[in-house]
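In: take a look and give me a structure for this.
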Amino acid sequence: MSGLAHLIRCTYRFVNKIVVSSFVERWQPETNTFHLTVGDMTITLDDVVTILGFPIVGKSISVQKLSERGAIALVVNTLEIDAQEVRHEMSSARGNLVRLEWLRAHFHNVTDNDSMERIACADLTTISSYTWGVAALAYLYRQKGYASRSGMKKIAGYMTLLEEWIYEHFRGFQPHLNMNYTQDMPHVYRWTSRREFGEKTQLQAFREELDRLFETRTRVAEMSIRITQLRFTTIYLITHPFIEVGYKDSVQHPDILYYAIDAIEQFLQD
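Out: Below you'll find the model as predicted:
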């Protein structure tokens with residue numbers, strides 16, 4: 001009903017701390033980009049759609065900041081858990097939040113065979129109409145800004161999105177392919193996440209690999225592209241043995257491509 005059920009299957013069980021750390025320390029909060037030797041790169045809404053299949057069009061997610069009492073009441077009324085238990089969990093989590101392992105402890109034994117009274121704890125029918133992709137990306141931007149500060153040792157946000165984005169675009173970090181992946185799945189199912197060992201030495205190796213990135217320009221001769229009435233006999237491509245600039249399966253959003261083509265035509269006509 002919510003449209004988010006596949007997150008249970010696609011969320012990585014472990015966060016690859018070394019891979020994430022090597023990129024977060026290059027995050028620039030002023031521009032919301034990773035500062036690399038080849039230029040700046042960032043996670044876009046197109047990435048969110050392609051990687052997770054999250055909706056980026058719909059109702060905006062905007063809520064007022066809850067007081068401690070309001071947050072406890074929300075969890076109690078929605079999940080029907082004892083207020084004292086909720087208060088203790090929020091105190092342990094140090095904020096108006098509950099931890100995923102705490103939710104698992106309470107609901108791990110719920111199955112499809114249970115009564116609807118046990119399963120239905122909230123109205124989920126309207127959840128899919130909200131722009132969860134936009135909210136997830138905006139929150140991740142903010143948390144990477146916090147984590148990039150000197151002395152910070154933790155980061156919040158949906159790490160599966162960040163980790164998968166790295167795998168999609170940087171070949172040297174890619175883990176094993178998921179042999180059960182098919183083209184109609186979101187790209188998050190494409191890789192099998194891994195844990196790194198030897199944290200200090202491996203982190204330094206990743207840092208050095210990122211420092212060695214360079215941009216090469218390859219002239220592709222005797223190639224022509226026809227965009228309506230326009231013809232180019234020579235094009236230039238930015239290639240790199242380490243970076244995947246885009247998604248090579250297909251054009252993910254052709255309407256955006258058509259808009260870009262129209263813009264190019266108009267620019268050349270002017």
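In: D46 falls within a strand, correct?
Out: No. For D46, which was evaluated using DSSP: H, G, I helix; E, B strand; the rest coil, the result is helix, with no strand membership.
In: against S62, how distant is it?
Out: Distance of D46 to S62, given as Cβ to Cβ, to the nearest Å: 23 Å. Any C-beta I mention is one placed from the backbone N, CA and C, and that applies to glycine too.
In: which residues touch the residue nearest the centre of the chain?
Out: Computing the C-alpha centroid of the chain and ranking residues by Cα atoms, centre = their mean puts L161 first, at 2.3 Å. Taking Cβ atoms under 8 Å, 6 or more residues apart in numbering as the contact definition, L161 lies against I43, D47, V48, I51, L52, A136, L137, L140, V188.
In: from these, which land in helices?
Out: With helices taken from DSSP state H, the overlap with the contacts of L161 comprises D47, V48, I51, L52, A136, L137, L140.
In: format the residues you listed as TSV; extra columns: neighbour count.
Out: Output for those, formatted as TSV (neighbours: other Cβ atoms under 10 Å):
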residue	neighbour count
D47	20
V48	25
I51	25
L52	26
A136	20
L137	24
L140	21
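In: nearest to T37 among those?
Out: Of all these, D47 has the smallest distance to T37: 21.0 Å, by Cβ to Cβ.
In: so the closest one makes contact with I166?
Out: No. In this structure, D47 sits apart from I166 without contact. The criterion is Cβ atoms under 8 Å, and the distance is 10.8 Å.
In: what residues of stretch 21-29 count as buried?
Out: Using 16 or more other Cβ atoms under 10 Å as the burial criterion, the residues of stretch 21-29 that qualify are S21, S22, F23, V24, R26, W27.
In: so the second one sits right up against L210, yeah?
Out: Read it as S22. Yes. The pair S22 and L210 passes the contact test of Cβ under 8 Å, sitting 6.4 Å apart.
In: tell me where this protein has helices.
Out: In the chain, helices defined by DSSP H lie at 7-10, 17-24, 45-52, 68-79, 83-93, 100-107, 116-119, 132-147, 159-169, 199-211, 254-269, listed in chain order.
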